[in-house]
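Asker: sharing a model that was predicted from the sequence below.
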Amino acid sequence: MQHAQFRRNKSHERIYSLKVDYSIPLDLLDGSKLNLGSKYEGEQMYVYNDKIQTLEVSQNTFATYAEFLSQYENYDLIVGLRGENYNNSSHYEQDKILYQRVKFFPNATIRYNIMKSV
């Protein structure tokens with residue numbers, strides 16, 4: 001007869017988040033503004049097994065954006081760019097996995113308003 005072995009795991013987790021947005025009115029066309037912002041999110045998790053650290057996970061994301069909005073007659077224009085930097089890692093006993101990537105997300109919108117604002 002085999003006896004099952006149970007291990008007592010303990011874990012610890014930390015989560016961080018910070019977001020900043022700023023808007024600048026501009027005197028262009030029929031009204032314009034520039035929006036700027038950044039965001040940071042971080043998470044660290046540790047799992048211990050019988051007082052030995054067996055798993056460590058770290059996820060960090062930093063994003064920033066710039067967006068220009070403008071109006072002219074019946075048209076709205078939005079042009080922007082967001083960049084994100086991912087820096088994630090995990091360590092399990094002797095194994096280590098890293099994931100690092102930078103991505104950019106451009107956007108542009110032109111909208112025609114059939115009716116003026118009420």
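Answerer: The structure has been received and is ready for your questions. Just so it is clear, the structure is predicted and the values come from calculations on it, not from any experiment. Numbering: from 1, shown residues only.
Asker: alpha carbons only for contacts and neighbour counts from here, please
Answerer: OK.
Asker: need the residues that contact the helix or strand where residue 13 lies.
Answerer: Residue 13 is part of strand 9-26 when elements are defined by DSSP states H and E. Identification of contacts with strand 9-26 by Cα atoms under 8 Å, 6 or more residues apart in numbering yields 31-50.
Asker: pull the longest strand from this structure.
Answerer: strand 52-72 (DSSP state E).
Asker: what's the next secondary structure element after that one?
Answerer: In N-to-C order, the element after strand 52-72 by DSSP H and E is strand 75-92.
Asker: list the buried residues of that next one.
Answerer: 76, 78, 80, 82, 84-91 (16 or more other Cα atoms under 10 Å).
Asker: and those, which two are the farthest apart?
Answerer: Spanning the widest gap among the buried residues of strand 75-92 are 76 and 91, at 48.7 Å by Cα to Cα.
Asker: quick one: low-confidence ranges for this structure?
Answerer: Low-confidence segments of the chain (pLDDT under 70): 1-7, 51-53, 116-118.
Asker: buried residues in the helix or strand where residue 46 lies?
Answerer: Using DSSP H and E, the element containing residue 46 is strand 32-49. Within strand 32-49, the residues that count as buried by 16+ other Cα under 10 Å are 32-34, 36, 38, 40, 42, 44, 46-48.
Asker: and those residues, which is closest to residue 100?
Answerer: residue 42 (13.9 Å).
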